[in-house]
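1. coordinates only, sequence not included:
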């Protein structure tokens with residue numbers, strides 16, 4: 001296997017996707033269970049996400065879920081991919097991560113995003129609008145100030161002040177430039193749009209300013225990766241999420257994941273079929289050899305130091321097998 005792959009860290013972001021016929025509570029417990037299952041395989045980080053008012057996603061409180069994951073594991077790093085900073089006061093976010101770092105020292109990451117909700121109703125319920133994302137750079141600066149003890153308010157953040165919780169910027173929109181100017185590690189996706197991915201990486205490298213958080217650029221490329229015994233089996237792993245995405249784009253509702261055989265038996269409209277095929281196209285899926293070759297291409301082009309895998313599917317056994325096969329790729333790469 002590739003020495004390039006062996007030199008790169010592999011991590012997982014689980015979005016706590018609900019499955020047809022299962023509850024949100026089961027989805028959350030599945031996330032914790034997956035973290036326990038992946039820890040011995042050599043994955044570097046396990047992150048959870050923040051979504052509000054989305055029927056197919058149970059992960060609405062990432063720092064709470066991260067605490068459950070950290071408490072159920074022993075060594076894997078745990079964090080968020082990410083906390084949506086415009087939805088929260090930076091002091092509160094600092095306090096939450098300060099508590100996590102105090103309870104699980106040396107294991108907590110702070111991934112930060114700028115989304116303010118998928119719909120107007122969600123944004124209203126959160127008490128925020130699109131304009132709240134405009135000063136994302138300022139919000140990050142304020143947040144990090146609570147850890148540095150440099151807030152001009154005279155207030156001391158407890159227990160955050162003096163702690164080091166590595167921050168990562170999710171590079172949505174202007175995120176790559178913001179991460180570069182702040183001197184922070186960057187998470188960028190997706191793996192399907194290689195040209196857009198490369199532009200973001202190039203922007204980040206060109207504008208990067210060293211900081212106490214990162215002396216040089218640190219790039220995490222993120223996306224779906226499915227590995228199976230055959231290309232057909234790998235593609236079936238992608239089917240439930242592809243249909244969920246297609247349905248959301250044609251009906252305005254993001255549904256729970258359905259079994260692949262249910263999706264494959266559907267009679268789709270032309271619009272649904274187009275969205276479904278587009279969601280499947282270009283994904284990084286196949287046998288170990290095929291996926292390793294694709295990863296090699298991405299990593300050589302971007303110079304990324306880490307891959308964050310975000311795969312979701314209905315069949316948990318197929319998902320776990322995919323992660324095991326992927327672990328076999330990167331552990332063999334280091335041999």
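-> Arrived safely, thanks for sending. A quick note: this is a predicted structure, and the numbers were derived from the prediction, not measured.
2. so where is the stretch 51-200 of the chain shaky, pLDDT-wise?
-> 117-119, 123, 128-133 (pLDDT under 70).
3. Tell me where it has helices.
-> Applying DSSP state H, counting those that start in this stretch to the stretch 51-200 of the chain gives helices spanning 62-72, 90-103, 120-126, 136-148, 175-182, 194-207.
4. could you redo those as CSV and give each row distance to residue 25 and mean neighbour count?
-> C-beta: built from backbone N, CA, C; applies to glycine. Shown next, in CSV, are the helices of the stretch 51-200 of the chain (distance: least, CB to CB, whole Å; neighbours: other CB atoms under 10 Å):
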stretch, distance to residue 25, mean neighbour count
helix 62-72, 12, 20
helix 90-103, 22, 20
helix 120-126, 21, 14
helix 136-148, 31, 20
helix 175-182, 32, 22
helix 194-207, 35, 16
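5. Tabulate these (a markdown table), appending distance to residue 24.
-> Shown next, in a markdown table, are the helices of the stretch 51-200 of the chain (distance: least, CB to CB, whole Å):
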| stretch | distance to residue 24 |
| --- | --- |
| helix 62-72 | 12 |
| helix 90-103 | 21 |
| helix 120-126 | 16 |
| helix 136-148 | 29 |
| helix 175-182 | 29 |
| helix 194-207 | 32 |
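6. Relative to residue 35, which of the ones you listed is closest?
-> Closest to residue 35 of the helices of the stretch 51-200 of the chain, according to CB to CB: helix 62-72, at 4.6 Å.
7. elements contacting the closest one?
-> Of the remaining helices and strands, those touching helix 62-72 by 3 or more CB pairs under 8 Å, 6 or more residues apart in numbering; DSSP states H and E are helix 24-38, strand 45-48, strand 77-80, helix 90-103.
8. looking at these, which is closest to residue 310?
-> Here strand 45-48 is closest among the helices and strands packed on helix 62-72 (CB to CB), at 9.1 Å.
9. Please work out the average pLDDT along the closest one.
-> For strand 45-48, mean pLDDT is 98.
10. For it, which outside residues touch it?
-> 9, 11-16, 31, 34-35, 38-39, 59, 62, 65-66, 69, 73, 76-82, 109, 111, 308 (CB atoms under 8 Å, 6 or more residues apart in numbering).
11. Tell me which of the helices of the stretch 51-200 of the chain sits nearest to residue 225.
-> Residue 225 lies closest, by CB to CB, to one member of the helices of the stretch 51-200 of the chain: helix 194-207, at 14.1 Å.
12. Just want the angle from the closest one to helix 175-182.
-> 20 degrees (axes from the mean of the first three to the mean of the last three CA atoms, to 10 degrees).
13. on that earlier part again, mind checking which of the helices of the stretch 51-200 of the chain is nearest residue 331?
-> So among those, helix 62-72 is nearest, using CB to CB, at 22.1 Å.
14. distance between the closest one and the chain's centre?
-> Relative to its chain's centre, helix 62-72 lies at 15 Å (CA atoms, centre = their mean, to the nearest Å).
15. Give me the contacts around that helix.
-> By CB under 8 Å, 6+ apart, helix 62-72 touches 16, 28, 31-32, 35-36, 46-50, 59, 78-80, 82-83, 93, 96-97, 99-100, 103-104, 107-108.
16. what do you get if the cut-off is 7 Å, keeping everything else the same?
-> Contacts with helix 62-72, where a contact means CB atoms under 7 Å, 6 or more residues apart in numbering, come from 28, 31-32, 35-36, 46, 48-50, 59, 78-80, 83, 96-97, 100, 104, 107.
17. Drop anything exposed from the contacts of strand 45-48.
-> Applying 16 or more other CB atoms under 10 Å to the contacts of strand 45-48, the neighbour count classes 9, 11-16, 31, 34-35, 38-39, 59, 62, 65-66, 69, 73, 76-82, 109, 111, 308 as buried.
18. Give me the distance between residue 105 and residue 165.
-> From residue 105 over to residue 165 the distance is 10 Å, taken as CB to CB, to the nearest Å.
19. do residue 189 as well
-> In terms of CB to CB, residue 189 sits 22 Å off from residue 165.
20. Report back the residue of this protein that's furthest from centre.
-> The C-alpha centroid of the chain is most remote from residue 154, which lies 34.3 Å away (CA atoms, centre = their mean).
21. hang on, residue 200 packs against residue 171?
-> Yes. With contact defined as CB atoms under 7 Å, residue 200 counts as touching residue 171 (5.5 Å).
22. Mutual contacts of those two, please.
-> Common neighbours of residue 200 and residue 171 (criterion: CB under 7 Å, 6+ apart): residue 188.
23. distance of residue 66 from residue 13?
-> For residue 66 relative to residue 13 (CB to CB), the value is 12 Å.
24. next one: residue 289
-> Here the distance between residue 289 and residue 13 works out to 25 Å (CB to CB).
25. Please apply the same query to residue 227.
-> Distance of residue 227 to residue 13, computed by CB to CB: 17 Å.
26. and for the longest helix along the chain, what are the contacting residues?
-> The residue-count maximum for a helix in the chain (DSSP state H) belongs to helix 231-251. With contacts defined as CB under 7 Å, 6+ apart, helix 231-251 is touched by 56, 224, 226-228, 253-255, 257-260, 263-264, 271-272, 275-276, 279-280, 283, 285-287, 290, 312-314, 318-319, 322.
27. Alright, I will stop here.
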